[in-house]
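Student: predicted model follows, preceded by the sequence.
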Amino acid sequence: MTNSIRSLYESRCRNGAPYYWQPQEITKSPFAFNGEFGIKKSLERILASSEYLEIDVAQYTGETWKKLQGEVSPICKELLHSNIADEGVHSQQISKALKTYEVDANTIAEAKSLSEQWRSLPDSAIEKATALEIGVFLAASLPIMLRCGGHSLTWIATQISRDEQRHAATNRYITNKLYSNNFSEQLQELVKESVTWIVGDLDIKQWKVNKDWFLQQSQQLMDTGIAPKLSQFTSASRYSPPFEDENSRFDY
């Protein structure tokens, strides 16, 4: 597994050092179906929650990095440290998106409350980061942005999803080393509540996707590391993110 972790680290490097994509100013582009079928509300909730949860994940990852001693290899700690910087890039990009797309104050307040629920969980920092990135970001937020967000949000989701794939593999590895990947019932329930809040109004009958569908994908991704139907869902997206390869599996 050390070799796999090393490969993950090397894959993100240019000239021997971690490479980070740069946040960009974006223009407003139309959503799929003009935002109908709950798409607009879901995308607003994704942007609002990401504003808080990306920062939270950075803090959770940073706490873990500081506490790790000899439990993992030095290259794993280097990889984890570079992942923290990714979250800063994500946060900056989401902030730019929120300047372009209007999100009402009530949605922002609900997103903040969701963040506080995650912070109050007694589970370890790395478990919370892992569950958020796999069960919420990769299973719901990013796929919806990719398929429904229009050109600008699709581009953002593509950049972030590449990073999150690497983060998921890193965090799964560390979680398995420290906690055997046994997520608490309380943590799993908050994953479900988070996904439900994001997609609660979403019902695209033409694509046969709704709240229950996304909850199933989230659970499958958490349990097995793969969710083949997400590939089908985003197949019409302009971009093809790495986590949607149904022949691949999170490396943990």
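Tutor: Arrived safely. What you see is a predicted model; the values in this text were computed from it and never measured.

Student: now the helices for the stretch 51-200 of the chain?
Tutor: Ranges of helices in the stretch 51-200 of the chain, per DSSP state H, counting those that start in this stretch, are 74-100, 105-120, 125-131, 142-148, 150-179, 185-199.

Student: would you turn those into CSV with distance to E10 and mean pLDDT?
Tutor: Heads up, the C-betas are built off the backbone N, CA and C, glycines and all. Listed next are the helices of the stretch 51-200 of the chain as CSV, based on distance: least, CB to CB, whole Å; pLDDT from 0 to 100:
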stretch, distance to E10, mean pLDDT
helix 74-100, 9, 97
helix 105-120, 32, 98
helix 125-131, 22, 97
helix 142-148, 24, 96
helix 150-179, 11, 94
helix 185-199, 31, 98
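
Student: so which of the ones you listed comes closest to A17?
Tutor: helix 74-100 (9.2 Å; CB to CB).

Student: show me what the closest one is packed against.
Tutor: Secondary-structure packing of helix 74-100 (3 or more CB pairs under 8 Å, 6 or more residues apart in numbering; DSSP states H and E): helix 2-11, helix 39-67, helix 150-179.

Student: and it, how far out from the chain middle?
Tutor: 11 Å (CA atoms, centre = their mean, to the nearest Å).

Student: try stretch 177-195
Tutor: On CA atoms, centre = their mean, the centre of stretch 177-195 falls 15 Å from the chain's centre.

Student: okay, buried residues for that stretch please.
Tutor: For stretch 177-195, a neighbour-count test (16 or more other CB atoms under 10 Å) marks K177, L178, N181, F183, L187, Q188, L190, V191, S194, V195 as buried.

Student: quick check, nearest of these to D104?
Tutor: Using CB to CB, the buried residues of stretch 177-195 come closest to D104 at S194, 19.1 Å.

Student: run through the residues that contact the residue nearest to that closest one when sequence neighbours are not counted.
Tutor: Of all residues not flanking S194 in the chain, V136 sits nearest, at 4.9 Å (CB to CB, 6 or more residues apart in numbering). For V136, the contact set (CB atoms under 8 Å, 6 or more residues apart in numbering) comprises L53, V191, S194, V195, I198, S218.

Student: helix, strand, or coil at the last one?
Tutor: Just to be clear, that refers to S218. Judged by DSSP: H, G, I helix; E, B strand; the rest coil, the three-state class of S218 is helix.

Student: list the contacts of the residue nearest to it when sequence neighbours are not counted.
Tutor: In this structure, S218 finds its nearest non-sequential neighbour in A139, 3.8 Å apart by CB to CB, 6+ apart. By CB under 8 Å, 6+ apart, the residues touching A139 are V195, F214, Q217, S218, L221, M222, A227, L230.

Student: distance to A105 added to the residues you listed, as CSV?
Tutor: Formatted as CSV, the contacts of A139 follow (distance: CB to CB, whole Å):
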residue, distance to A105
V195, 23
F214, 25
Q217, 30
S218, 28
L221, 32
M222, 32
A227, 33
L230, 32
